[in-house]
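**Student:** sequence and predicted structure below; questions after.
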Amino acid sequence: MPFICAGYPALSTTAPALAALQRAGASIVEVGIPFSDPIADGPVIAAAMHQALKLGATPLEVFDQVASVRASLEIGLVAMCSVSIVHKMGGREGPAGFCKRAAAAGFDGVIVPDVPLEESGPIRDAAAASDLTCSLLVAPTSPPQRAAAIARACTGFVYLLARTGITGERSDAPDVSRMVGLIRAATELPIAAGFGISTPDHVRAVVHGPNSADAAIVGSALVRRMTDAAAKGQDPVAEAERFTRELCTGL
């Protein structure tokens, strides 16, 4: 489940990147909506979002690019966005307006990482009304009772943070078995693990073995490679496809 920052490294990158990730073997793509103050993203993704904003990326621009290629794609598409964007785009309709627009663009679900469980009801209801899934985040430090409550509130899949802290590449593989076991006791939904998953070996560690997750989310490692390719005058979309194929060898 690769993550891309929409509108980066160029505004026109989003649409062809989605097609490339599908060719590479992605099942779902998490499309990050650029935001000025991402709360959980490390320096690589934060820098990409800031650059995308400088280039003029807006939520509506992202939705238009997704809509332009949605009919040619079979993969799932999930929008990752701040709760403030949900309310801003929704206007007078609030979360309902945002979810209607997301569904019309071709998204299948939303992830709102900065909305707490206690305040997530309106967004979850709006997503359901637009036939979108809504995934909340479970941290490795979440107490068992709270982790179970968050998992039961999710639809589509549960987003499990594989590590504490912020996003970013790591050298060691995460161990998600304990938290996967807690979540599986509360819900039958698939579990997607992200944060610090950077290599095919990390993917393998997350999705194989007892109490393994159903999907591995890779963001910073992919965005960095797209950044490096663009800096060298190479094609960042081609590099995203190449690296995703490499990651898929861990499945």
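**Tutor:** Arrived safely, thanks for sending.
**Student:** where does the stretch 51-200 of the chain have low pLDDT?
**Tutor:** Applying pLDDT under 70 to the stretch 51-200 of the chain picks out residues 165-166, 168.
**Student:** quick one: the strands in it?
**Tutor:** For the stretch 51-200 of the chain, strands defined by DSSP state E, counting those that start in this stretch occupy the ranges 76-80, 109-111, 133-135, 137-138, 158-161, 191-194.
**Student:** can you put these in a markdown table and add distance to Lys232 and mean neighbour count?
**Tutor:** Placement of C-beta: from N, CA and C, glycine included. Listed next are the strands of the stretch 51-200 of the chain as a markdown table, based on distance: least, CB to CB, whole Å; neighbours: other CB atoms under 10 Å:
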| stretch | distance to Lys232 | mean neighbour count |
| --- | --- | --- |
| strand 76-80 | 27 | 23 |
| strand 109-111 | 31 | 25 |
| strand 133-135 | 35 | 23 |
| strand 137-138 | 34 | 24 |
| strand 158-161 | 32 | 27 |
| strand 191-194 | 27 | 26 |
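**Student:** now for those strands, which one comes closest to Arg124?
**Tutor:** Of all those, it is strand 133-135 that lies closest to Arg124, at 4.8 Å by CB to CB.
**Student:** that closest one packs against which elements?
**Tutor:** Judged by 3 or more CB pairs under 8 Å, 6 or more residues apart in numbering; DSSP states H and E, the packing partners of strand 133-135 are strand 109-111, helix 121-129.
**Student:** one more pass at 6 Å, please.
**Tutor:** When contacts are defined as 3 or more CB pairs under 6 Å, 6 or more residues apart in numbering; DSSP states H and E, strand 133-135 packs onto strand 109-111.
**Student:** give me the residues contacting the strand it packs on.
**Tutor:** Val78, Ala79, Met80, Ala127, Leu132, Thr133, Cys134, Ser135, Gly156 (CB atoms under 6 Å, 6 or more residues apart in numbering).
**Student:** try stretch 217-232
**Tutor:** Contacts of stretch 217-232 (CB under 6 Å, 6+ apart): 1-3, 5, 9, 42, 44-45, 48, 167-169, 192, 194, 197-198, 236, 239-240, 243, 247.
**Student:** return the closest of the contacts of strand 109-111 with respect to Thr58.
**Tutor:** Among the contacts of strand 109-111, and counting by CB to CB, the member closest to Thr58 is Ala79, at 13.4 Å.
**Student:** show me what contacts that closest one?
**Tutor:** Ala79 touches Val31, Ala102, Phe107, Val110, counting by CB under 6 Å, 6+ apart.
**Student:** so how far is Gln145 from the closest residue to Ala10 other than its chain neighbours?
**Tutor:** Nearest non-adjacent residue to Ala10, counting by CB to CB, 6 or more residues apart in numbering: Leu55, 6.9 Å away. Computed as CB to CB, to the nearest Å, the Leu55 to Gln145 distance reads 44 Å.
**Student:** and these two? Which one has more around it.
**Tutor:** Higher neighbour count among Leu55 and Gln145: Leu55, with 16 against 10, using other CB atoms under 10 Å.
**Student:** does the more buried one touch Pro9 like I think?
**Tutor:** No: the pair Leu55 / Pro9 is not scored as a contact, 8.5 Å apart, by CB atoms under 6 Å.
**Student:** mind telling me which residue is nearest the centre of this structure?
**Tutor:** Glu30 (3.3 Å; CA atoms, centre = their mean).
**Student:** could you look up the SS state of that residue?
**Tutor:** strand (DSSP: H, G, I helix; E, B strand; the rest coil).
**Student:** name the helix or strand for the closest residue to it other than its chain neighbours, please.
**Tutor:** Leaving aside its sequence neighbours, Glu30 sits nearest to Phe3 (CB to CB, 6+ apart; 4.3 Å). Assigned by DSSP states H and E, Phe3 belongs to strand 3-5.
**Student:** show me what that strand is packed up against.
**Tutor:** Under the contact definition 3+ CB pairs under 6 Å, 6+ apart, strand 3-5 sits against helix 43-55.
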